[in-house]
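**Q** just the structure for this:
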Amino acid sequence: MRFFRQALLGLVLASLALGLLGYAGQMVRSAVSEKMSQEPRVPPARERSFTVNVVPAEPQSIAPILTAFGEVKSRRTLELRMATTGQVVALSENFVEGGEVRAGEFLVRLNDADARSALSRAEADFLDAQAEVAEADRALLLAQDELSAAQVQAQLRVQSLERQADLQTRGVGTAAAVETAELAVSSAEQAVLARRSAVNQAQSRRAQADTRLARMQLAVDDAQRRLDDMQLVAEFDGTLSGVSLVQGGIVGANERLGSLIDPKSIEVEFKISTEQYTRLLDDAGELIETPVRVVLDVLGTDIVSDAVLSRGSGSVADGQTGRTLFATVTEAKGLQPGDFVSVEVTEPELRFVVRLPGTSLNARNQVLALTEDDRLEPIEVALIRRQGDDVLVRSRDLMGREIVTQQTPVLGAGVKVTPLRGSEAREFKEVEMIELSDDRRQKLIAAVEGNTRIPAQAKDRILAQLKEDKVPAEVVNRLESRMGG
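**A** Okay, the predicted model is just below:
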């Protein structure tokens, strides 16, 4: 009896469960049918607006900057060579690599004993030649005096002949006396001729003595020059480079001992394209004297020097293109011959150009300008120059317009935008700072302190940064790249 009662209760509960499930299924079916029978409701379409940064297009006069790379060279370099061979007996204390010398300072001296002996012999021969000239002068003077005496005596003999002839005319003198006077005159004239010959011989001797004196003077000069060639002196103030000579060594004739460089007279040689070269010419086709900025990158610190564009190369080297220019450095700050530097040349001023970010220009030389209803309109422009991350463009349609600073694939003609102007459009880039371990910090400090090419001010600034708790990552990367780390 109990079994039937429990079985009946279970059957009732199962029936109720099936009934509830059927009711729930009916409710779901009704809801789905009602939903499907309703018309779909479409929300109203809303135009999408993109946020863009805009800048005003302001035509102005801008002097573009032409950037190139070049090498620092000395305008005044002297190769140190000895004109003769010999053994080095003396060296200047400053005759070392990087030694600073003054004009006229002694650098190298060879063994000059033979040269001094030759000079002494030449000077002795010169003294003999001078004595011979003096003796010839005295002989010439004596011959001239004897000639004068002979001429006076001949004049007296002529007067005596005239007197005897006058006495004969008056009947007082005799023909024998006149004949004797005539013979005396003839003898006197012969004596004058003999004295003139003696004078000529004395003059010839004087000329020969002068010639020998000139030869002896040349011999003395040659001996003095050979003696001077045994010693090397600095011709101007400068710095020595490539020196590798030791005392006691043997030097060959014309052997290169090093170079003398004037560190205050340097220039920068750099190459540009032919198209860039034409921008630096005036109306007459001459190269303009424009300011040049020379920048040397030393471990993250820029050393800037001023220069002036001075000249261009006379020809193009075989297999080369473009033009080679030279800029004279007016104020060298830490520059040395051989440094690789960047050069910024100021070009002639361009009028009515607009400076825009380089990202505002697409491949079709178009920019996107903002209309009155905040929509975009493409404007075609002429690309004049590229200046780093900026471009210089020119177009009559840019006057007073606002230009999108960065074009993206979603931006185009007629697109609705929300412009950001002024301070709203600024993007601040934080400098990445990193912490250094003690070992890493000490290695960097030692590398900076051991570098002799860094100017004192730049070195102090870099060391101050390295001693801070956090150091700019850019400075660390540049230092380690030059250390090979």
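**Q** what segments of the stretch 1-150 of the chain are strands?
**A** 50-56, 60-62, 65-74, 77-81, 86-91, 100-101, 106-110 (DSSP state E, counting those that start in this stretch).
**Q** domain assignment for this structure?
**A** 76-111+230-260, 114-228, 265-346, 350-425, 433-483 (automatic domain parsing).
**Q** just name the most buried of the strands of the stretch 1-150 of the chain.
**A** strand 106-110 (a mean of 19; mean count of other CB atoms under 10 Å). C-betas here are computed from N, CA, C, even on glycine.
**Q** kindly export it (C-alpha atoms) in CSV.
**A** Taking C-alpha atoms only, strand 106-110 is exported to CSV below (Å, rounded to 0.1, in the frame of the first residue of the first chain):
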residue,chain,number,x,y,z
PHE,A,106,114.6,75.1,-33.2
LEU,A,107,113.3,71.6,-33.8
VAL,A,108,116.0,69.2,-35.2
ARG,A,109,119.8,69.6,-35.6
LEU,A,110,122.1,67.2,-37.5
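**Q** strands paired with it, and their directions?
**A** Using DSSP bridges, the strands paired with strand 106-110 are strand 86-91 (antiparallel), strand 231-233 (antiparallel).
**Q** want to throw the ones you listed into JSON lines with distance to Ser273?
**A** Shown next, in JSON lines, are those (distance: least, CB to CB, whole Å):
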{"stretch": "strand 86-91", "distance to Ser273": "48"}
{"stretch": "strand 231-233", "distance to Ser273": "44"}
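**Q** of all those, which one comes closest to Val12?
**A** Closest to Val12 of those is strand 86-91 (CB to CB; 127.5 Å).
**Q** mind putting the strands of the stretch 1-150 of the chain in TSV, mean pLDDT included?
**A** Below are the strands of the stretch 1-150 of the chain laid out as TSV (pLDDT from 0 to 100):
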stretch	mean pLDDT
strand 50-56	89
strand 60-62	90
strand 65-74	90
strand 77-81	84
strand 86-91	84
strand 100-101	85
strand 106-110	86
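**Q** pipe those strands into TSV and attach distance to Arg205 per row.
**A** As requested, those are exported to TSV (distance: least, CB to CB, whole Å):
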stretch	distance to Arg205
strand 50-56	99
strand 60-62	85
strand 65-74	57
strand 77-81	45
strand 86-91	41
strand 100-101	52
strand 106-110	42
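**Q** looking at these, which is closest to Arg478?
**A** Nearest of those (CB to CB): strand 65-74, 17.6 Å.
**Q** what's that closest one packed up against?
**A** When contacts are defined as 3 or more CB pairs under 8 Å, 6 or more residues apart in numbering; DSSP states H and E, strand 65-74 packs onto strand 266-272, helix 274-279, strand 340-346.
**Q** which residues are contacting it?
**A** Identification of contacts with strand 65-74 by CB atoms under 8 Å, 6 or more residues apart in numbering yields 261-263, 265-272, 276, 279-280, 294, 327, 329, 335-347, 387.
**Q** one more time with 7 Å
**A** 261-262, 265-272, 276, 335-347, 387 (CB atoms under 7 Å, 6 or more residues apart in numbering).
**Q** pull the contacting residues for Arg364.
**A** By CB under 7 Å, 6+ apart, Arg364 has no neighbours at all.
**Q** please disregard the earlier target; I meant Ala150.
**A** Ala150 neighbours (CB under 7 Å, 6+ apart): Ala191, Val192, Arg195.
**Q** try it again at 8 Å.
**A** Ala188, Ala191, Val192, Ala194, Arg195.
**Q** tally of neighbours for the closest residue to Val72 other than its chain neighbours?
**A** Distance criterion CB to CB, 6 or more residues apart in numbering; nearest residue to Val72, sequence neighbours excluded, is Asp339 at 4.3 Å. Asp339 has 19 neighbours, counted by other CB atoms under 10 Å.
**Q** Asp339 contacts Val294, correct?
**A** No: the pair Asp339 / Val294 is not scored as a contact, 9.1 Å apart, by CB atoms under 8 Å.
**Q** list the buried ones in stretch 159-168?
**A** Ser160, Leu161, Gln164 (16 or more other CB atoms under 10 Å).
**Q** tell me the mean pLDDT for that stretch?
**A** Averaged over stretch 159-168, pLDDT sits at 73.
**Q** how about the CA coordinates for it, as CSV?
**A** Taking Å, rounded to 0.1, in the frame of the first residue of the first chain, the C-alpha atoms of stretch 159-168 are listed here in CSV:
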residue,chain,number,x,y,z
GLN,A,159,155.2,123.8,-74.4
SER,A,160,159.0,123.5,-74.8
LEU,A,161,158.6,122.6,-78.4
GLU,A,162,156.4,125.7,-79.0
ARG,A,163,158.9,127.9,-77.3
GLN,A,164,161.8,126.6,-79.4
ALA,A,165,159.8,127.0,-82.5
ASP,A,166,159.0,130.6,-81.6
LEU,A,167,162.7,131.3,-80.9
GLN,A,168,163.6,129.9,-84.3
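**Q** what's in contact with it?
**A** Here stretch 159-168 has contacts from Gly173, Thr174, Ala175, Ala177, Val178, Thr180, Ala181, Glu182, Ala184, Val185, using CB under 8 Å, 6+ apart.
**Q** Asp460 sits in which helix or strand?
**A** Taking DSSP states H and E as the definition, Asp460 sits inside helix 456-466.
**Q** can you map out the strands along the stretch 251-400 of the chain?
**A** Under DSSP E, counting those that start in this stretch, the stretch 251-400 of the chain gives strands at 256-261, 266-272, 291-298, 301-312, 323-331, 340-346, 350-357, 366-370, 376-380, 382-387, 390-394.
**Q** quick one: these as TSV, columns for mean neighbour count and distance to Asp210 too.
**A** Converted to TSV, the strands of the stretch 251-400 of the chain look like this (neighbours: other CB atoms under 10 Å; distance: least, CB to CB, whole Å):
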stretch	mean neighbour count	distance to Asp210
strand 256-261	20	42
strand 266-272	21	51
strand 291-298	19	60
strand 301-312	16	50
strand 323-331	19	51
strand 340-346	18	62
strand 350-357	17	74
strand 366-370	22	90
strand 376-380	16	90
strand 382-387	14	75
strand 390-394	19	78
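**Q** got JSON lines for those strands, with distance to Ser241 and mean pLDDT too?
**A** JSON lines is the format used below for the strands of the stretch 251-400 of the chain (distance: least, CB to CB, whole Å; pLDDT from 0 to 100):
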{"stretch": "strand 256-261", "distance to Ser241": "5", "mean pLDDT": "85"}
{"stretch": "strand 266-272", "distance to Ser241": "13", "mean pLDDT": "90"}
{"stretch": "strand 291-298", "distance to Ser241": "18", "mean pLDDT": "86"}
{"stretch": "strand 301-312", "distance to Ser241": "20", "mean pLDDT": "85"}
{"stretch": "strand 323-331", "distance to Ser241": "18", "mean pLDDT": "88"}
{"stretch": "strand 340-346", "distance to Ser241": "17", "mean pLDDT": "90"}
{"stretch": "strand 350-357", "distance to Ser241": "43", "mean pLDDT": "90"}
{"stretch": "strand 366-370", "distance to Ser241": "53", "mean pLDDT": "91"}
{"stretch": "strand 376-380", "distance to Ser241": "56", "mean pLDDT": "91"}
{"stretch": "strand 382-387", "distance to Ser241": "38", "mean pLDDT": "90"}
{"stretch": "strand 390-394", "distance to Ser241": "41", "mean pLDDT": "91"}
